[in-house]
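Engineer: With the sequence up front, the predicted model follows.
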Amino acid sequence: MTNVWRLGCTRGQAITAAALFTAAVAVTAAVGSVAAASSAEQYALLQRPGWAPPPWLFGPVWTILYVLIAFAGWRAWCAGPGTSQRTSTSWYALGLVLNALWTPLFFAAELWTLALLEIILLDVVVAVTAVLFWRRDRLAGALLVPYLVWTMFATLLNGAIVALN
């Protein structure tokens with residue numbers, strides 16, 4: 001078959017991969033959204049640093065990031081088969097699991113210190129994934145940079161909330 005995507009996927013493989021990556025990221029987003037929505041009042045009562053963004057900003061930022069995360073996963077997957085595909089996809093999947101776990105830890109369980117430790121691990125996993133993706137497809141790696149920057153910012157915010165509360 002002709003490689004219509006100029007990557008390592010045929011059209012059928014690319015469509016299937018796009019659906020799977022979109023679904024995986026959508027599940028991650030849904031877990032976070034449910035946990036955050038149920039705890040909006042609790043978050044408003046927390047002492048937050050002056051540089052904390054307004055609560056309404058998180059939804060739009062995460063929507064954009066989740067689109068980038070799904071597209072990055074798709075690009076890296078379609079860069080071709082091999083050991084590096086399995087390795088980078090495993091790191092990517094671990095990152096999605098950690099992403100989904102942080103919001104319930106922080107908001108629903110109010111385990112802010114444990115959430116801080118977890119998000120530090122998420123930062124490392126996203127950084128490793130970005131490097132692995134970059135080696136497979138530079139655009140895929142670059143698409144994860146905004147996600148890494150935001151999670152590092154969220155780590156600082158989480159740390160400040162731990163310190164203030």
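Structural biologist: Received it, and whenever you're ready, just let me know what you need. Numbering: from 1, shown residues only.

Engineer: drop to CA atoms for contacts and neighbour counts, all remaining ones
Structural biologist: Noted.

Engineer: Need the mean per-residue confidence for the host helix or strand of residue 63.
Structural biologist: According to DSSP states H and E, residue 63 maps onto helix 58-77. The pLDDT scores in helix 58-77 average 96.

Engineer: Now do the helices in the protein.
Structural biologist: Per DSSP state H, the chain carries helices over the ranges 11-37, 40-45, 58-77, 83-103, 112-136, 138-143, 145-164.

Engineer: closest one to residue 51 among those helices?
Structural biologist: Ranking the helices of the chain by distance to residue 51, with CA to CA as the measure, places helix 145-164 first at 8.6 Å.

Engineer: residues in contact with the closest one?
Structural biologist: Here helix 145-164 makes contact (CA atoms under 8 Å, 6 or more residues apart in numbering) with 46-49, 52, 65, 69, 112-113, 115-116, 119-120, 122-123, 126-127, 130.

Engineer: What of stretch 63-81?
Structural biologist: Counting by CA under 8 Å, 6+ apart, 7-9, 13-14, 17-18, 21-22, 25-26, 29, 85, 88-89, 92, 133, 136-137, 139-141, 143-144, 146-147 sit against stretch 63-81.

Engineer: how about the lowest-mean-pLDDT helix or strand in the chain: buried residues?
Structural biologist: When each helix and strand of the chain is scored by mean pLDDT, DSSP states H and E, helix 40-45 comes last, with a mean of 80. In terms of neighbour count (16 or more other CA atoms under 10 Å), helix 40-45 has its buried residues at residue 43.

Engineer: Repeat that for stretch 66-81.
Structural biologist: With burial defined by 16+ other CA under 10 Å, the residues of stretch 66-81 counted as buried are 66, 68-79.

Engineer: And for stretch 100-120?
Structural biologist: Residues 100-108, 112-113, 115-116, 118-120 are the ones in stretch 100-120 that count as buried (16+ other CA under 10 Å).

Engineer: What residues does residue 130 make contact with?
Structural biologist: The neighbourhood of residue 130, defined by CA under 8 Å, 6+ apart, consists of 140-142, 144-145.

Engineer: Look up how far residue 14 lies from residue 73.
Structural biologist: For residue 73, the distance to residue 14 equals 11 Å [CA to CA, to the nearest Å].

Engineer: No further questions, thank you.
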